[in-house]
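> here's my sequence, what's the structure:
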Amino acid sequence: MKIIQDINNQPLDFNNNDNNNLNLIDIFLELVDEQDSGSQISSGSYEECLDITKLFQEVRKSNIVKNIIKSFSRFIETCKKEEEDSLNPLIKKGQSFSQAKKLIKRNFKTFGKRWNMKLNYLIDKSSFKPLFSYYLNNKSQIWLNSSKVQNKQEHQVVINFIIQALKNPQHLKEIKYYKKTKSIIKDKKKI
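Sure, this is the predicted structure:
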């Protein structure tokens, strides 16, 4: 944008073509350099996302996801009144924090022990996505530092991956979970 403004501010002097041509060439080269640096930044963030995805695939253990989700659940259950008031804007309108607590608890019970499915729900379909994002960005590091978890590096990798998945839902494909299938078995004796 700065280069375009420079072009607009320059008076056009058609008598001095060589000087104008050199200025236009310089401006064009600056514009190309800016575009190259912009593509390097975006490719750098793309490579960072690939690195996070690769690390997640290496440490993909349900126990890590379970620990993170349970810590989020404990965080919600043990919130103090002052903290609840600050978290209210993150909750769906028309709900109180106590109602949100009950809904989170009930939703987690419906998924049973399928932790990756709970994670997928929190990232993709949940109305608690802003609350979960707040927890991961602000409170998860406190939990991780004070926990007795042995593999803190792996937990941090998974937390970073979840944060990326919250920003870019295409990372959800990496989270695999067991899907129950209903099969209809025909009993030959009854026929």
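> counting by contacts, list what the helix or strand where Pro130 lies packs against.
In the assignment (DSSP states H and E), Pro130 maps to helix 129-134. Here helix 129-134 touches helix 115-124, helix 152-167, going by 3 or more C-beta pairs under 8 Å, 6 or more residues apart in numbering; DSSP states H and E. (C-beta placed from N, C-alpha, C; glycine too.)
> at 7 Å what do you get?
helix 115-124 (3 or more C-beta pairs under 7 Å, 6 or more residues apart in numbering; DSSP states H and E).
> buried ones in the helix it packs on?
115-123 (16 or more other C-beta atoms under 10 Å).
> can you give me the angle it makes with helix 152-167?
Note on geometry: by axes from the mean of the first three to the mean of the last three C-alpha atoms, to 10 degrees, helix 115-124 and helix 152-167 are set 40 degrees apart in direction.
> so what touches stretch 83-103?
Around stretch 83-103, the neighbours that count as contacts under C-beta atoms under 7 Å, 6 or more residues apart in numbering are 76-77, 79, 127-128, 130-131, 134.
> equivalent analysis for stretch 131-141, please.
Applying C-beta under 7 Å, 6+ apart, the contact partners of stretch 131-141 are 72, 75, 87, 90-91, 122, 126, 159, 162-163, 166.
> okay, that stretch in PDB with CA atoms only?
Output of stretch 131-141 as PDB, limited to C-alpha atoms (Å, rounded to 0.1, in the frame of the first residue of the first chain):
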ATOM      1  CA  LEU A 131     -14.400 -21.200  26.900                       C
ATOM      2  CA  PHE A 132     -12.200 -24.100  25.900                       C
ATOM      3  CA  SER A 133     -10.000 -21.800  23.800                       C
ATOM      4  CA  TYR A 134      -9.600 -19.400  26.800                       C
ATOM      5  CA  TYR A 135      -8.600 -22.300  29.000                       C
ATOM      6  CA  LEU A 136      -6.000 -23.600  26.600                       C
ATOM      7  CA  ASN A 137      -4.500 -20.200  26.000                       C
ATOM      8  CA  ASN A 138      -4.500 -18.900  29.500                       C
ATOM      9  CA  LYS A 139      -4.900 -21.700  32.100                       C
ATOM     10  CA  SER A 140      -3.500 -24.900  30.700                       C
ATOM     11  CA  GLN A 141       0.100 -23.900  31.200                       C
END
